[in-house]
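Undergrad: A predicted structure for the sequence below; I have some questions about it.
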Amino acid sequence: MAWAVVALGLALTGSGLVSLAPLLAGHPSLAAVAASWSTLPLASTWGAAALAVLLMALGGARWPRWHGLRRPFGVDWLWLLPVAALAAAAGGAWAPLPMAADAEPTAAVALVGLVLGAALAAEGTFRALAHGTLARAFPVMHEGGRWFLSLPTLATAALYAAVTPLVRVALGQALPSGRDLILVVAGAALMGLTTAAARERSGSVAVPIVFHLAGIALALALAR
């Protein structure tokens, strides 16, 4: 259990780096960073993703079931996809700013890298590492079983909702305030609940990663 606590702390630290890297770099305008497609958000996002994947692999080598390192089972988790789409539309996905119409081709590569890195960092940290650590001590849902909100689902959704506004800033979005902040936090909480439930029903972390990628794609489409 001790290594799991350390791994969870490191993974959450990596997730935090996504939020803090642009601020620590001293850029005068986060909007300018996003507009220029600086390599800093891309590097910090993939740094967090790589850390999450590494720790997920280390934990999965010993407890693959708990960390979701197996193929998906069942299909009832597909009912959760529209809910994840609604959560993403509310700002619950880790989506970067869309490209400008006159952006250079390299911006497309940066955008794809940010999208993939954000989805891996989010789901690897919260739905594989954090959820897997808690699931060894608390009951969770399984394929074909009854539906309920488990403690690992509630806890990881709360953590995900807490850090999402800062992560959005690191990815080039404006820091929400007032009603926008409430909407983003509510969307993130719903995204966390939905992806965690899909993780439990399918038994695989691949499903929430796909959900998150679909949510980011929808958020980018709505932002254009």
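TA: Arrived safely, thanks for sending.

Undergrad: CA atoms only: put the stretch of helix or strand residue 162 belongs to into CSV for me.
TA: Residue 162 belongs to helix 151-170 when assigned by DSSP states H and E. What follows is helix 151-170, C-alpha atoms only, in CSV (Å, rounded to 0.1, in the frame of the first residue of the first chain):
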residue,chain,number,x,y,z
LEU,A,151,-16.4,5.7,-3.0
PRO,A,152,-13.4,5.5,-5.5
THR,A,153,-15.7,7.0,-8.2
LEU,A,154,-16.8,9.8,-5.9
ALA,A,155,-13.3,10.6,-4.6
THR,A,156,-11.6,10.6,-7.9
ALA,A,157,-14.4,12.7,-9.5
ALA,A,158,-14.0,15.3,-6.7
LEU,A,159,-10.2,15.4,-7.2
TYR,A,160,-10.6,15.7,-11.0
ALA,A,161,-13.2,18.5,-10.6
ALA,A,162,-10.9,20.4,-8.3
VAL,A,163,-7.9,20.5,-10.6
THR,A,164,-9.7,20.9,-14.0
PRO,A,165,-10.1,24.7,-13.9
LEU,A,166,-6.3,25.1,-13.5
VAL,A,167,-5.5,22.5,-16.1
ARG,A,168,-7.7,24.4,-18.6
VAL,A,169,-5.6,27.5,-17.9
ALA,A,170,-2.5,25.5,-18.7
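
Undergrad: and after it, which helix or strand comes next?
TA: helix 178-202.

Undergrad: show the average pLDDT along the helix or strand just after that following helix.
TA: Going down the chain from helix 178-202, the next helix or strand is helix 206-223, by DSSP H and E. Model confidence over helix 206-223, given as mean pLDDT, is 89.

Undergrad: do stretch 140-148 as well
TA: Taken as a whole, stretch 140-148 has a mean pLDDT of 90.
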